[in-house]
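> okay, sequence plus prediction incoming.
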Amino acid sequence: MLRFAKLLFLLIGVALLGVVVASTDLDQLWMQVSAVGFSGMLAVLLVYSLYFGADALSWHIALPAVPLSVRWIGRTYVVRMIGEAYNNITPTASLGGEPVKAWLLKVNWGVPLRDSGASLVIAKTTSMFSLVVFVGVGVLMLLGHPSFTDTHKAIALGGFSFIVLCAVVFFLMQHLRLSTHVARRLGRSRFGRRLSGALAAAEDIDRQFERFYGRHGWRLAWSFGFALANWILGVLEVYVIMHLVGYPASFAEVWMIECMVQLVRTATFFIPAGLGTQEGAFLIGVGALTGVASAGVATALVRRCRDLVWIAVSLLFASLYHVTPAVASAELR
């Protein structure tokens, strides 16, 4: 059933991508994409490396079990690359690569699973709340921009409300120790003895949350700050790409476009790598601002090329560690 769902979501993404590309002028699209060139793509990759570095630092700071040193920053950067590559190619709500990250830290450098597991959840929390701030600013600008219709604005408000709800629920699950409560309830069933290990693990991780939020306020603030920088650097990347394809926009306008892209990607998390949905968001956003829909698709395709290069390099690193999600999940049981 899971394999069928993966295939179905992939086909939906491919179909959406086909519809988006077919709705643009292909000759014009090719001219815009080819205008980027090799040097332009290197510039995009450079900006993305900074974007990714901010995200990796946000996670590193949420992991008190390892020192804040250059060597460890390099390690978590590579581990993050590998894990995010699997997150992008598996339709599992950006969770397919999380076991890979925890497994790599455990088997290579002895980081306890309870520490890496808790840090991944905390980093996801700061990422979600920073996304709320980022999208909130973008939606405010979008609401006052004349290029967007009332329909665009209503969808943006609905998407923002959904992201806020997700962030609050995700935090409350940690604050209210819901994983422990669920494990205890299951432990009272006839299968309780089999779940004793899971109950102990859930309680341990919940204690990690409580300890981090209670004792590491400065780490939480810095993790949030780097997570927010991650989203802003994403705006810079789109800003650079739009200049390269020949349709420059102001930084504020690009912020609104990236806001729309993140809203769509969050709502369609089940589509692998946001295939088709990301392109559709760029088509609508850039088309509304510039009147040239192909410029939006060109921007999305350049970013897609960047994704492919980055994922390829990440999977090359993964091959050096001989890691797959299945292996990592088995090791963590």
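Cool, got the structure.
> check contacts around residue 248.
Neighbouring residues of residue 248 by C-beta atoms under 8 Å, 6 or more residues apart in numbering: residue 242. C-beta coordinates here come from the backbone N, C-alpha and C atoms, glycine included.
> residues touching residue 72, list them.
Residue 72 touches 60, 66, counting by C-beta under 8 Å, 6+ apart.
> I misspoke; the intended subject was residue 305.
residue 41.
> please apply the same query to residue 229.
residue 54.
> residue 74 versus that one, what's the distance?
Note on residue 229: its distance to residue 74, by C-beta to C-beta, to the nearest Å, is 19 Å.
> before we move on, what about residue 244?
For residue 244 relative to residue 74 (C-beta to C-beta), the value is 29 Å.
> which one's more surrounded, the two?
More crowded of residue 244 and residue 74, by other C-beta atoms under 10 Å: residue 244, with 22 against 11.
> which parts of this protein are helices?
Using DSSP state H, the helices found in the chain span residues 2-22, 26-34, 37-61, 70-89, 98-109, 113-143, 150-175, 178-187, 196-215, 217-244, 251-267, 277-290, 293-321, 325-332.
> most tightly packed of the ones you listed?
helix 277-290 (a mean of 24; mean count of other C-beta atoms under 10 Å).
> pull the CA atoms of that one into CSV?
Below are the C-alpha coordinates for helix 277-290, written out as CSV (Å, rounded to 0.1, in the frame of the first residue of the first chain):
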residue,chain,number,x,y,z
THR,A,277,3.6,22.1,-7.0
GLN,A,278,6.7,24.3,-6.7
GLU,A,279,6.6,25.1,-10.4
GLY,A,280,2.9,25.9,-10.2
ALA,A,281,3.5,28.3,-7.3
PHE,A,282,6.2,30.1,-9.2
LEU,A,283,4.1,30.3,-12.3
ILE,A,284,1.3,32.0,-10.4
GLY,A,285,3.4,34.3,-8.2
VAL,A,286,5.9,35.5,-10.9
GLY,A,287,3.1,35.6,-13.5
ALA,A,288,1.0,37.9,-11.2
LEU,A,289,4.0,40.3,-10.6
THR,A,290,5.6,40.4,-14.0
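> now it: mean pLDDT?
For helix 277-290, the mean per-residue pLDDT is 90.
> do stretch 69-86 as well
93.
> distance between it and the chain's centre?
15 Å (C-alpha atoms, centre = their mean, to the nearest Å).
> just stretch 99-111 next, same as before
20 Å.
> equivalent analysis for stretch 120-137, please.
Taking mean C-alpha positions (C-alpha atoms, centre = their mean), stretch 120-137 and its chain are 10 Å apart.
> what does it rub up against?
55, 58-59, 62, 98, 101-102, 159-160, 163-164, 166-167, 170-171, 174, 205, 209, 212, 220, 223-224, 227-228, 230-232, 255, 259, 262-263, 266.
> distance between stretch 148-162 and the chain's centre?
With C-alpha atoms, centre = their mean, you get 21 Å for stretch 148-162.
> swap that for stretch 30-37, sorry
27 Å.
> what mean pLDDT does stretch 144-159 get?
Here the average pLDDT along stretch 144-159 is 91.
> and if you look at stretch 97-104?
Rounded mean pLDDT across stretch 97-104 is 86.
> pick out the shakiest of the helices of the chain, pLDDT-wise.
Among the helices of the chain, helix 325-332 carries the lowest mean pLDDT (a mean of 49).
> can you give me the end-to-end span of stretch 244-254?
14 Å (C-alpha to C-alpha, to the nearest Å).
> how far does that stretch sit from its chain's centre?
23 Å.
> do the same with stretch 274-285
Per C-alpha atoms, centre = their mean, the centroid offset for stretch 274-285 relative to its chain is 16 Å.
> distance-wise, check residue 47 relative to residue 232.
From residue 47 to residue 232 the distance is 11 Å (C-beta to C-beta).
> brain fart, residue 162
Residue 162 is 22 Å from residue 232, by C-beta to C-beta.
> with residue 153 instead?
From residue 153 to residue 232 the distance is 23 Å (C-beta to C-beta).
> likewise for residue 111?
29 Å.
> next one: residue 283
23 Å.
> kindly report the same for residue 305.
Distance from residue 305 to residue 232, by C-beta to C-beta: 22 Å.
> go on, residue 142?
16 Å.
> tell me if I'm right that residue 257 and residue 290 touch.
No - here residue 257 does not reach residue 290: they are 9.9 Å apart, not a contact under C-beta atoms under 8 Å.
> identify the contacts common to these two.
Shared contacts of residue 257 and residue 290, counting by C-beta under 8 Å, 6+ apart, come down to 249, 296.
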